[in-house]
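In: Have a look; sequence and predicted model below, questions after that.
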Amino acid sequence: MLPVYKINLPTPYPVGPVNVYLIKSKPCTLIDTGPDLPASRRALEEALASCRVALQDIERIIITHCHPDHCGLAGAIREAAGAQIFVNGVEAGRLTGERDYFKEIFPSLVKAGVPPGLIQELAVYMRARQYRQVPKSGILPLADREVLTFEDGELVVQNFPGHSQGHICLYDPQSRNFFSGDFLLPHITPNPLMEVSPETGRRLPAKKMYLDGLAHLLEMDIAEIWPGHGENIVNWQVTVDEVFRHHSDRNDTVYRLLGERGRTAYEIAVALFPRIGGFDVVLGVSEALAALDILLEDGRAKAEEEKGVLLYFKADGN
Ligand SMILES: [Zn+2]
């Protein structure tokens, strides 16, 4: 059986603390790292010490997805311990700096009708928060269904995109524990964050990808979910049902917000979340676009482009 230790680390983000998991077997492994901040690093070192592990003992880091609360310290731990970093191939570019999230989503923000002043603000915010870059040589890309072995067991990598394009979860077939990253969380519905395919440059159907993953999860034999934030989830099917319901309610709300006059995704986002600014603009517009994508697919909404901005209408004109 894999010896797993749950470690809770502070973050400066609205989501609150993040969970990272120490697997004290050979090779000594961390699932996620916490953000690249002195307080988080200190808390990580203290927690490891209470498990009689030093930062320098970490041999392998598995990243569920490249958001700063989950991967921020990967570069620092690699510098300190020489640990090998394992991450889904499409996410790796976020760690090496080859992929620039803001640059990628810029055309989608313009198309969504986000005012230029807010886009400018966002550019400044995001440039100030770039990751500590990791050299390519330190990163090994993970494939779906890849098996990572330990002296005491194994973890199976499974792609669960939607919250991020290359989000992975990890399944321990022996204990039937499932490390969900941000794919499934207690009390929080993960945002289907807007992302662009590096191959086509087109925005991805994040919500559809996410909901397909949720349906797949229901077919799995899982004893307990070990999430990236909050307490473990035992009755996880109930949580999955709640998330499905949340998304279906959100689609209906967005449908009702569509009026006779076409509305942009940004206007929908402001109607859903008044007073958004900074990175919340990305989160809000992502939520709006995610619902609009589904409404378009279901034939409940239609979209027309006007002066480079997409306007959404109810398909039946009511
Ligand atoms: Zn997170």
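Out: Looks like it came in fine. Numbering: from 1, shown residues only.
In: I'd like the average pLDDT over the longest helix anywhere in the chain.
Out: Taking DSSP state H as the criterion, the chain has its longest helix at helix 236-257. Average pLDDT, helix 236-257: 96.
In: distance between the helix or strand just after that helix and the chain's centre?
Out: Once helix 236-257 ends, the next helix or strand along the chain (criterion: DSSP states H and E) is helix 265-272. From the chain centre to the centre of helix 265-272 is a distance of 21 Å (Cα atoms, centre = their mean, to the nearest Å).
In: C-terminal to helix 265-272, what's the next element?
Out: Next element after helix 265-272 (DSSP H and E): helix 280-297.
In: In terms of secondary structure, what does the helix or strand following that next one contact?
Out: Once the chain leaves helix 280-297, the next helix or strand it forms, by DSSP H and E, is strand 301-306. For strand 301-306, the packing partners by 3 or more Cβ pairs under 8 Å, 6 or more residues apart in numbering; DSSP states H and E come out as helix 280-297, strand 309-314. For glycine as for every other residue, the C-beta is placed from the backbone atoms N, C-alpha and C.
In: contacts for strand 301-306?
Out: With Cβ atoms under 8 Å, 6 or more residues apart in numbering as the test, strand 301-306 has contacts from 111, 255, 258, 262, 292, 295-296, 310-315.
In: Out of those residues, the closest to P205 would be?
Out: Nearest to P205 among the contacts of strand 301-306 is L296, at 9.8 Å by Cβ to Cβ.
In: Let me see the confidence value for the closest one.
Out: L296 carries a pLDDT score of 96 in this model.
In: Neighbours of it, how many?
Out: 15 (other Cβ atoms under 10 Å).
In: Look up how far the ion lies from it.
Out: Noted for L296: a distance of 28 Å to the ion, by Cβ to the ion, to the nearest Å.
In: Leaving out the residues flanking it, which one is nearest to that residue?
Out: In this structure, L296 finds its nearest non-sequential neighbour in A303, 6.2 Å apart by Cβ to Cβ, 6 or more residues apart in numbering.
In: Could you give the bridge partners of the one you found?
Out: Y312 (DSSP bridges).
In: How many residues are close by it?
Out: Taking other Cβ under 10 Å as the neighbour definition, A303 ends up with a count of 17.
In: I'd like to know how far it sits from the ion.
Out: From A303 to the ion the distance is 30 Å (Cβ to the ion).
In: Please apply the same query to E224.
Out: Distance from E224 to the ion, by Cβ to the ion: 19 Å.
In: my read: that residue touches F179, true?
Out: No: counting by Cβ atoms under 8 Å, E224 stays clear of F179, with 10.1 Å between them.
In: ok, these two, which is more surrounded?
Out: Higher neighbour count among E224 and F179: F179, with 24 against 14, using other Cβ under 10 Å.
In: host element of that one?
Out: Element membership of F179 [criterion: DSSP H and E] is strand 177-181.
In: And the helix or strand that that strand is followed by, what's buried?
Out: Of the helices and strands lying after strand 177-181 in sequence (DSSP H and E), the nearest is helix 206-217. Going by neighbour count (16 or more other Cβ atoms under 10 Å), the buried part of helix 206-217 is 206-211, 213-214, 217.
In: sorry, back to before: between the contacts of strand 301-306, which sits nearest the ion?
Out: Closest to the ion out of the contacts of strand 301-306 is L292 (24.1 Å), distances taken as Cβ to the ion.
In: Contacts only, for that closest one.
Out: Residues near L292 by Cβ under 8 Å, 6+ apart: 254, 265, 268, 301, 303, 312.
In: In those residues, which residue is surrounded by the most others?
Out: In terms of neighbour count, A265 stands highest of those at 30 neighbours, by other Cβ under 10 Å.
In: Please give me every residue in contact with V124.
Out: Taking Cβ under 8 Å, 6+ apart, one finds nothing in contact with V124.
In: Following the chain onward from the helix or strand harbouring it, which element is next?
Out: Using DSSP H and E, V124 sits in helix 116-127. Downstream of helix 116-127, the next assigned helix or strand under DSSP H and E is strand 139-142.
In: and that next one, what other elements does it pack with?
Out: Strand 139-142 sits against strand 84-88, helix 89-96, with contacts defined as 3+ Cβ pairs under 8 Å, 6+ apart.
In: Contacts for the longest one, please.
Out: By that I understand helix 89-96. With contacts defined as Cβ under 8 Å, 6+ apart, helix 89-96 is touched by 63, 65-66, 71, 74-75, 85, 87, 98-99, 101, 131, 133-136, 139, 141-143, 164-167, 198.
In: Which residues does the helix or strand that it is followed by contact?
Out: Toward the C-terminal end, the helix or strand that comes next after helix 89-96 (DSSP H and E) is helix 101-111. Helix 101-111 is contacted from outside by 94, 119, 122-123, 126-127, 194-196, 198, 201, 203, 265, 281-282, 285, 289, 305, 308-310, using Cβ under 8 Å, 6+ apart.
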